[in-house]
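J.: pasted the sequence and its predicted model underneath.
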Amino acid sequence: MKMPRKITFTVNGVKKQVEVKDNELLADVLRDKLQLTGVKQACWRGECGLCTVLLNGKPVKSCLILAVEANGAEIVTSEGLMEGDKLSHLQKSFVENGALQCGFCTPAFTLVTHYLLTQKPDASEEEIREYISGLICRCGTYNEIVKAVKQASQYYKK
Amino acid sequence: MRQKYIGKALPQLDSFHKVTGIAKYTHDISLPGMLHVKLVTSTEPHAEIINIDASEALKIPGVVAVLTGKDFPYRLGIYVGDRDVLAIDKVNWVGHPVAAVVAETMEAAEKAIDLVEVDYKPLKPVFDPFEALKEEAPIIHPKLGEYRRAPAFTPVPGTNIANKFTLRKGDVEKGFKEADVVVENRFYMPFVSHCYMETQSVVAHYHKDGTIEIWTSAQSPFAVRNLMGLSLGIPIGKIIIYQPFVGGGFGGKAGLHWEPLAALISKKVGYKPVKLKLSRKEQFTSAPVREGFHAEVKVGAKRNGKLTALKAKFILDSGAFADYTVNVSRAAGYSVGEVYDIPNVYCDSLAVYTNKVPTTAMRGFGHPESAWAVERSIEMLANELKMDPLKLRLMNVVKAGISTTVTGERLREDAGNPVQCLEAVAKAINWGKTEEKPKEPWKFIGKGLAVFSKGPAQPPNAASAAIIKINEDVTVDLMVGTGNFGQGTLTSLAQIVADELGVPVEKVRIRTMRSTDTVAYTWQTVGSRGLFTDGNAVLEALKDAKKQIKEVASQVLRVKPADLEIKDGKVMVKGRPWENVPLSDIVMGYTYPNGNSIGGPIIGRGKYISPINTYLDPETGQGIPTIFYTFGAAACKVEVDVLTGKVKVLEAAQAFDLGKAINPLLVRQQVEGGFIMGLSVALFEEIQFDERGWVLNPNFSTYWVARAADIPSKIDTIPVENPQKDAPYGARGIGEVVMLGVPPTIANAVQNAIGVNINNLPLTPENVWKAIKKQRPELVEEIKKKLVSWKWKV
Amino acid sequence: MSFGAPYISIPEFQYLKPKTLKEALETLSKYEDEAKVLAGGVGLLNLMKERLVEPEYVVDIKGIPELRKVTYEEGKGLTIGATVTLSELENNEIVERKYTALHEAIKVLSDPVLRNRSTLVGNVCEAFAWMDSLSPLLVFDAELKALSVNGERMIKAKDFIIGLAETALEPNELVASIFLPEPPKNSASKFIKFRSRSEFSVINVASLLANRDNPPERILRLAYGGATPSPVRVFAVEKVFKQQKPLNELLKEALDVVFKEVSPMEDMHASKEYREHLMETLTIKIIRELWGE
């Protein structure tokens, strides 16, 4: 049995220290040790994208990252997109546009599109579609997601 | 009554939980001391289990137990109880769970499954349903005759036939004699997976007092409770089913799944809570999927297009367990040509066992199957008749109040109108208008449409109930059993409650975690029935609650109850609204100045059961199978690249006679989502098996599900509103009908584009290219020449 | 990317994160086959979940500064470090302008979120036939710089991949970077991916063309991914295009050569017949497109 080690990272703005084994995956640690259930898993192979988190600002699929790799990193999950106890403009726009059904994929889509809008607030519809194509929404709310992102883009423009 | 919320596009009331990620799904449920279960699955398609040796697995630190089929001598099921908890004596497909490892961590469990040694004695497998029907075929369920079954189903012991459904209306041979034109074709749909994002999962805790608590990612908590009790011989009163948020269902989480296994394991390991959560691979290969479908359809018409006869034979490749698929075969059979007025119809529909992944319900339930075969047949008939396929359909669709359906039911007057649906979608895609040709000569544009219908395929006695509890502050607890896995039915029901009671919709509380001991009963959340059946129960409960409120208020205001109305949080005298009493003074009982009190807490109750459904005649399939038909039509415009065979859907529209759109936003979600799922099934999806019965693509890299870049941005939703009088505000269900006509619509558009018939799904580039090559070899040659001489811009 | 194993956890190993190249090479030399190099992890962790790889040691090279770099020297070429991600390359102006075929391939490789993590070197080391980055690298005459405690060697991309998931790398070696020489003067390049119903190419083709109007000096290169178990550059076709003949004749001759050299495979994604058809069609398409009016 290999010994666990302590790692430190910032999650949603709060510094956290957790004990992990080398073979633990970031997605599992966020879910099981920090109860961040906005991180979902549906394929465990980097195919569906529902475990997406922002790692040092960029969206990545946390089922293919070791927790130890995130030592010292800044992590944001969907819980961290909120503004205090209020929904962010983007989250509100998802709700208003009906960009969610069963909700299982929604947190991941908000993180990925949040990043896209910070990089490219005027992203075209085609660019949005392309950028979210690493994620699956089986309920089929893609067109609503595109609408929600377009509507929220005004809040990302400087 | 003022309709403030009904008809309003309101986001789902639990959106906050979902968008932030705080919503708890079964995947997220964790109990103190909980153990993890991992399955050991069969590597043989058909074999006797000689021995299972778990001694090495048990040595792994953290492993608590390894259990096998011998520990669980039960048969499970809803319609034909053919399923085992873990394989008993024999395995029936590659992926069949043979043992369950229970461990303190998933890591230990996963290490241990590799060490469980299973000795098999291989038996001859059968993968093809036609082979399985032959006399010399190996029998997959030798004890078929002993299984518990529901009365509507007829398994044939000693064969691989899990169910045979027959439909006979009129005289089909006479009908073909009257026909001027007859077309006859074969059709195929492969096995597909529901691909709900949350894989099946269950947490179970069997307590020492015999109570069983279960958290499950299931569609229908009451069905889980009932079927568990029936299958395991446990009193229903001992079982509590919790339904947290559910990450999609699409039929694949209907009925009963892993709950018995988890509960029984919990008991075996000393009454500890256990969790089973499938990996995506296990979801593809060890849990049920949608069956493979083979059809032969013959349809005849007069020269003017009037249909005279329809004859169909359906073979459902049901895999190793057909527990639920027996009813799919029934629904496919009774829905053949359901949307058309045809005097003579004949159908045999068989569910057949094979040594492949077991099958179950999926969105549309037999109707996508029959619609694929029938709507392609109608298209080819139109071609043969040289008639506009829209015109042919308009001429033959059923008419409310006049037509008799294929099951011999005279359609009610307010059943809805497929003509309006067809006309609406045709208009939306400019049917009949020639489109500009793409500049590359190898690309062709085509348009297609289809018409179809769907009603709930439920037993005639499927019941629903509702409880409305009003609290001190006039918040309302809406307690219904219908599940919530994306459709948003609970939000629609809350809108009805808000309007009926005159309270803001925010004051209507729906539970995010629901349980069988706190909400009212409903049979299942399947078949697009929720809004209709539970909605009717809610309306009755509201009536009951309002009656109680008015009785108290009538004493306070000294008028007859009939002279009162409830509005804006008050009970007021009609015409003299200043004479009123606030609801908050009534709902817990009214107190006079001297302390005398009347009334008491208001709890409304309501129920619904269909007074009109019947069993279908076992010989002819005649009867009334459903409580409503939602008619719909789809149309789309496609681009076909003849060079590669690639089909791209450019735009689409769907119209449904849903009676009344209680919530147009939820309607749009269903219609678009259904179209996208239908597109995905039409163009991409197929579980591929190798010659030994192994699934080749149990993952999202190679089992492709439509993503944002695969779909058109224009998918129109057109509600047609002809209300049905016995429906809540006239509303019919639409959860399934939205996807079932999409594959034939796309294939019809491909035919329109390039004159090639494709009757086997999916329409992958290779399948389309091969069909072009076979049916129009000259086109392939012509296009190749054009490619070489095409002037490219740098 | 996955195949068919049921696991969601990965087996135990020891995680090492060297701070210097020297330390990394010493670690690899010490543990050889028992160690695996981790960069983006998209490939390695998936293979570990599938139990196709079960290392004792995982060596994370993301802490080594010199592997993070992309450097370009005018006239010489481009060097891409082992931990440079695909999205970094996607946003690299030199890659886009000078190595267009590679840029086009990266843009359609897996998806934008995975590209934030996965690396070009990792892609090459996985050596899967259907990876989109391989055929462009062949067309650009790429070379891999393999380091070990014993020194350094350059391996040509065409010699690096020796079979499905098999490379010429020794267990104690680390690919530090990929070098792409300056493309021929006046050249343009292109990449076409044909995807059916998986994230991978059924077949892809990369091509480079220079000096179209001067046959003796004309350069035309062609490479395919997904057609055969390892990617292939068809060198023999290059002679054909040195001839002064009309394009239609050149194409015909070129296709004869291509079909002699490359025999497309049959697998779950496509039949042999269909791959052959695609190979023919895409070859004509990519050359016609590069050729222009």
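T.: Ah, there it is.

J.: what does chain A have sitting close to chain C?
T.: Proximity of chain A to chain C, by Cβ under 8 Å from any Cβ of the partner chain, involves residues A:1-2, A:21-23, A:25, A:28, A:41, A:43-47, A:49, A:52, A:58-61, A:64-66, A:68-69, A:112, A:130-131, A:133-135. All C-beta atoms are positioned from the backbone trio N, CA, C, and that covers glycine.

J.: now do the phi/psi pair for residue 62.
T.: No chain was given, so I picked chain A. Here the main-chain torsion angles of A:Ser62 (degrees, to the nearest 10) amount to phi -80, psi 0.

J.: nope, chain C
T.: Dihedral angles of C:Lys62 (phi, psi; degrees, to the nearest 10) stand at phi -70, psi -10.

J.: correct me if wrong: it contacts A:Asn71.
T.: No: in this structure, C:Lys62 sits apart from A:Asn71 without contact. The criterion is Cβ atoms under 8 Å, and the distance is 11.1 Å.

J.: what are the ranges of the strands in chain A?
T.: Across chain A, reading from the start of the chain, the strands by DSSP state E fall at A:5-11, A:14-20, A:52-55, A:58-61, A:74-76.

J.: and those strands as TSV, adding distance to B:Val552, mean pLDDT and mean neighbour count?
T.: Output for the strands of chain A, formatted as TSV (distance: least, Cβ to Cβ, whole Å; pLDDT from 0 to 100; neighbours: other Cβ atoms under 10 Å in any protein chain shown):
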stretch	distance to B:Val552	mean pLDDT	mean neighbour count
strand A:5-11	53	97	16
strand A:14-20	52	97	13
strand A:52-55	54	98	26
strand A:58-61	57	98	25
strand A:74-76	53	98	20
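
J.: give the rounded mean pLDDT of the helix or strand hosting B:Glu778.
T.: Under DSSP states H and E, the secondary-structure element containing B:Glu778 is helix B:777-789. The average of the pLDDT scores along helix B:777-789 is 91.

J.: please apply the same query to stretch B:182-200.
T.: If you average the pLDDT over stretch B:182-200, you get 98.

J.: again with stretch C:159-166
T.: pLDDT averaged over stretch C:159-166 equals 89, rounded to a whole number.

J.: only the buried residues of it, if you could.
T.: Using 16 or more other Cβ atoms under 10 Å in any protein chain shown as the burial criterion, the residues of stretch C:159-166 that qualify are C:Phe160, C:Ile161, C:Ala165.

J.: may I have the phi/psi pair for the last one?
T.: Translated: C:Ala165. Dihedral pair for C:Ala165: phi 60, psi 20, per degrees, to the nearest 10.

J.: helix, strand, or coil at the residue lying closest to B:Ile60 once chain neighbours are set aside?
T.: The shortest distance from B:Ile60 to any residue that is not its chain neighbour, by Cβ to Cβ, 6 or more residues apart in numbering or on different chains, is 4.6 Å, and that residue is B:Ala112. Using DSSP: H, G, I helix; E, B strand; the rest coil as the criterion, the local structure at B:Ala112 reads helix.

J.: list the contacts for B:Ala112?
T.: By Cβ atoms under 8 Å, 6 or more residues apart in numbering or on different chains, the contact list for B:Ala112 reads B:Lys38, B:Ala57, B:Leu58, B:Ile60, B:Val63, B:Val66, B:Val101, B:Ala103.

J.: could you measure from it over to chain C?
T.: B:Ala112 sits at a distance of 12 Å from chain C (criterion: Cβ to the nearest Cβ, to the nearest Å).

J.: likewise for B:Cys347?
T.: To chain C, B:Cys347 is 32 Å away according to Cβ to the nearest Cβ.

J.: just the element for that residue, please.
T.: With elements taken from DSSP H and E, the one containing B:Cys347 is strand B:344-352.

J.: partners of B:Ile214 in the sheet?
T.: B:Ala204, B:Ile241 (DSSP bridges).

J.: I appreciate the help and will end here.
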